[in-house]
Each structure stands twice: as C-alpha cells, then as structure tokens.
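J.: mind looking at a prediction? Sequence and model below.
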Amino acid sequence: MGHLTYIDWIILIIYFALTLCVGFYFWRQSRSPEGFTAAKRSMPGWVVGISIFATYLSSISYLALPGKAFSGNWNPFIFSLAIPFAAWISVTWFLPYYRNTGDVSAYANLEFRFGSWARLYASIFYLLTQIARIGVVTYLLGLPMSVLFGWDLVTIIIVTGIITTFYTFIGGIFAVLWTDAIQTVVLLAGAIVSLIILIYNIDGGMVTAVSYAFEHGKFSLGELGVTANQGTISCNFGTATILVVFLYGFCDNLKNFGIDQSYVQRYQTSKNETEARKSIWLGALLYIPVSALFFLIGTFLFVLYHTGPNHERDLNEVRKIVAHQKLIQSGVVPKYQTDSQTGQQIFATEYQAKIETLAATLQDKDIGDRVFPHFIGQYLPSGLVGLLVAAIFAAGMSTISGSLNASATLILRDYYLRFFRPNASDKESMRVLYAGTIIWGCLGTLAALILIRLTDSALDIWWTLVGIFGGGMLGLFLIGMLVRKARNFSAILAVFIGTIAIFWFTVPDLIRWFRKHDAYDIAEFLELSAEQLGGVSLYHPYMIPVFGTLIMVFLATVISFFEREKSVANKFSKQ
C-alpha cells in the first residue's frame, strides 16, 4: 500500500485551496442569474474550450483510457477520431441556433417545437443522469485512492462532494470555467510527467517499449468492419470494429456537443459566436492528442508490467488490489488484525485468503483500470505522487462542477421560471440556483455513497436503463431540426417506438445481468419476448444509440407526411 509524504500532502492541499480561492474570487460576479449561469456572456473562447475539454476528461477517463490500452489495444481511440466530425456539425447547425435564441437551457427550443412534454422529457432525464454521473465519477475517483493509500472511502467521497459543491455554489459558472482551466493544467502536467517516468523505468526506453507493444498488437485499431466480396459490400455491426466504434463515437459526441446542457450552456458564456465556435474546436481537437497520450501511457504500462524487473510482483499486487475492491463491492466486509511484529493493522488471515483466491483468477482485462493508480503509488517519487493524485481529483471535479451548475440552471429555467414563478426577481432566482446546486451536490454525493454497497453489475444495469429511457433525446432534437413537417404526434410516436427499439437492442445485456444474479425466469421471459419481435439483437451495444436515433428520425419523417400542416413558423428547423 502506498502513502503520501508531507510534500505530497502540501501539493494536494494547495490544489484544493486554489480551487476554493477561485470560487471566492468570482463570488461577486456570480451574484446574478446571468452571472451564475452564463458568466455574463463575457468569456474568451480559449477558456470555454479548455472547460469543454475538461468536462470530457473525467476521472473515469483519466484511469479508464490507460486501462483500455493496457488490457486491449487502441481500438477505443477511434472514438476520439470521430469528435471533429460531430464538432463540425455542432458548429455549423447547433451553435448558431443556440446563440440566436440566447437561452441558457438547451431544451427550451423543444417546447417551442413540440410542446412542454418534449422539454420536460429531455430535462428530466438529463437531471437524473447527472445525479448518476456525479455519483459514479466521485465513487470511481475515491475507490482507487482508498485501496492504494488506505484512505476512508466515505471520507473521500464526502470531502470531494463538499469542496466541489462549495466552489460551484460560490462562484457559479465563472468558477467552473476558470477552475477547469487550472485543473486542465494540473491533469496534463501529471500525465506528461507519468509518461516520462514510465519510459525511464522500462529497460531499453521508448524503442524497446514500442517494439514490444507492436509485437503484442497493442497499437492495433482493430478490424475495419467492412468487407467487399464480388461487388457486394457487407458491414460487421456485431463486434467493436473500427466502423462500429466510429459510428458510436460520432453519435455520442454529437449528443455531447449538440444537446448536452453542460456544453450548450458553455456556448452561451462566450463573448460572441466566433469565440463560441473557437471553444468547440479547441475542446474537440485538444481531446484527440490528450486521449492518445493516455492510450500511450496504458500501452507502456503493459510493457513495464510484463517485462520489468518486478513485473510479477507488480501484477500480483494489482490483482490483489482489484480483488479487494471486488470483495468490497460484493458486500464482503474486510476484516483486520494487528501484526505482532509491526503493530500495524493488516488483513485477517481468512480475508487475505479470499483476496488471494480471487486474485489468482483475474486477467489483464480485469485489472486495466487499476494499473495506472498502482504505478503512481509505487513508481513516482515524493511530490509527483501528490501532483498525480491532484490530477485525478482535478479530472473528476471538473466534471462534477459542470454537472452541478448545469443542473441548477435547468431547475431554474425549465421548472421554476417556466411553471411556478415566470416573473421571479433576480434575488429569488439566485435562491433557486443556490438550492439546486446544493441539492444536486448532496444527491450526487449520496449516490456515490450508495455505490459503495452496490456491485459493478448493479451500476451497469442502471446505466442500461438510463440509456433506454433517455436514448431518445438526440433523436428528438434531430427530428426537430431535420424533419420540418414533423409535429407533436409524429415526434411522440417516433420517440415511443424508438425507445422500444432501443430496449430490444439492450435485451442481451439485460438477459446476461439477470442470469448473473440467478433471475433465470426474468431472463427467459425477456428472451422469449425478444424472439417474438424477431430474435435477440446480435448487434454490438455501441450500435444502440446509432440505430435508435436513425429509427426515430426515419419514423418521424414517414409519419409526418400524414400530419396536417400548421401555420406556426418552424424556427427550430430553419436555423
């Protein structure tokens, strides 16, 4: 188990103090709704762009990207390569519309286009998703810290939640944007330093590392997924091919840049449309080399942990760390005893045996996300450990703060001002924004605490359900923009049928989950139901949002031909 020195603690304390100072610094400028939610529309594009990038790179990505490369190859990097295409569409069509309306709510236009149900549908699922997102990011930020350094997980979660909620509460979107800029510097510095030290610890340096990685296919992007045979072109949508990952990345990034409140709200903080356009391109293009940096770290970690002088010891330690985490998540309470020689608390013999038994069954694909934190704790010198721990916190807190401010903004704009007090004063609106920030901060922190006792599979099923019921958001937006004849009926019917289609695509995941938890009756019922609808989906889960969105747009196009024309100007689709 690693530990932090006094220098590491000083660096970590400085980082947390700096984030709080930023919140206090912008307190006066954030005392109006316009300042709290839109930064008085005064921000330079480069700050907003860095904030967009920081929102992309959460603590999940900071650990997961190296983990993907360690346990697999560079196939997930195709997701990053799809970003510029989604960014171009957002800059060309979405951004001008949002800037012309001037509304900080991404979903206000849906009400004009289809009615209040559309606005509520989108905002409700966004708000629910943010609670889950804050909880997951906070939990996965604290979990490796708890295991590596022996910190109390509950304390990590609560402290992180309090600090992030506090500086977001005090400084509003001003604090979110500027702390994102600071946090980006910290996390990039940490990643670059890690790569340098990683290469230094590999015998033979970069040349040996690259050669070994190539020999083991670590730089492979996977199969293309498109084949031509005698003039017939066929596509493989059943596995994570280059085509499948690209389509998924394009769809997911279009959702982020085009309809996600956290992003749309940032567009409104820019001085003008030109600066907003710059912010999108900066955030999009910055993520590509940075994600490549993290994939390279993961690839070189694979080399070090399979060829280094202590690779057997290191891999065994990581496996035990992961085994310990899995036991905790499965509800097994760790048991301790006092070491007779050192007087320190160590795992009880019975519990240690459980760890070693489970660890022996784990493979590279099971431990990928925990190798980087182990490297930080074991290989980095004093001072740099504190920097990397601060970087992981920075990656997580930038995502959490953006979610808190965006959620509070929606609570005010889409609910309080829309349904309860349309003419509320600025002072009254600020009370709602403050309350929304605190409530969603508490709910997100509570979700993280609940996750301590939930298993990974329970987390998976939650995200699956969110994907099913919230999967129609992008489809609904595209219907509004592309299908000009579509009216309320065609939109509702398309989203309803599209949601059923998304559920059908998701059935294999649900069946596996229920079987894993011995709920064979439910799994059999789902399988039989799916068979009646044409069989269980054989498509890769990445294709679910792609097919779901296409189905909704297609259905709305067809149904709209049977709807009666209305004279209401369709501003939404003309932008």
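T.: Now that the structure is in, tell me what you want to look at.
J.: next helix or strand past the helix or strand containing residue 169?
T.: Using DSSP states H and E, residue 169 sits within helix 153-201. Per DSSP H and E, the first helix or strand lying C-terminal to helix 153-201 is helix 205-215.
J.: neighbouring contacts of that following helix?
T.: 199, 202, 219, 299-300, 302-304, 306-307 (Cβ atoms under 8 Å, 6 or more residues apart in numbering). (Glycine included, C-beta is placed from N, CA and C.)
J.: try 7 Å this time
T.: Identification of contacts with helix 205-215 by Cβ atoms under 7 Å, 6 or more residues apart in numbering yields 199, 202, 219, 299-300, 302-303, 307.
J.: state the distance from residue 404 to residue 264.
T.: Distance of residue 404 to residue 264, computed by Cβ to Cβ, to the nearest Å: 16 Å.
J.: so what would you say the end-to-end distance of stretch 327-334 is?
T.: The first residue of stretch 327-334 is 8 Å away from its last residue (Cα to Cα, to the nearest Å).
J.: got it, and stretch 252-270?
T.: 24 Å.
J.: for residue 160, give me its contacts.
T.: By Cβ under 7 Å, 6+ apart, residue 160 lies in contact with 138, 141-142, 393, 397.
J.: next: residue 77.
T.: Residues near residue 77 by Cβ under 7 Å, 6+ apart: 221, 291-292, 295.
J.: before we move on, the earlier item: who's more crowded, residue 404 and residue 264?
T.: Shown here are residue 404 and residue 264; by other Cβ atoms under 10 Å, residue 404 has more neighbours (27 against 24).
J.: check whether the more buried one really touches residue 440, as I assumed.
T.: Yes: using Cβ atoms under 7 Å, residue 404 is in contact with residue 440, at 5.5 Å.
J.: okay, and which of the contacts of residue 160 map to helices?
T.: Judged by DSSP state H, helices contain the following of those: 138, 141-142, 393, 397.
J.: which two in the residues you listed are spaced the farthest apart?
T.: Pairwise distances across the ones in helices among the contacts of residue 160 peak at 11.9 Å for 142 and 397 (criterion: Cβ to Cβ).
J.: quick check: angle from the helix or strand that contains residue 431 to helix 153-201?
T.: Element membership of residue 431, judged by DSSP H and E, is helix 426-451. Angle between the axes of helix 426-451 and helix 153-201 is 80 degrees (criterion: axes from the mean of the first three to the mean of the last three Cα atoms, to 10 degrees).
J.: toward the C-terminus, what is the element adjacent to the one helix or strand residue 314 maps to?
T.: Taking DSSP H and E as the criterion, residue 314 maps to helix 311-329. Going down the chain from helix 311-329, the next helix or strand is strand 336-338, by DSSP H and E.
J.: quick one on the thing from earlier: ok now the helix holding residue 169, how far from the chain's centre?
T.: Centroid separation for helix 153-201 versus its chain: 15 Å, with Cα atoms, centre = their mean, to the nearest Å.
J.: what angle sits between it and helix 205-215?
T.: Using the same axes, to 10 degrees, helix 153-201 lies at 100 degrees relative to helix 205-215.
J.: give me the angle between helix 153-201 and helix 311-329.
T.: Using the same axes, to 10 degrees: helix 153-201 against helix 311-329 is 160 degrees.
J.: residue 390: neighbour count?
T.: Residue 390: 25 neighbours (other Cβ under 10 Å).
J.: looks to me like it is in a helix.
T.: Yes: assessed by DSSP: H, G, I helix; E, B strand; the rest coil, residue 390 belongs to a helix.
J.: that'll do, ta.
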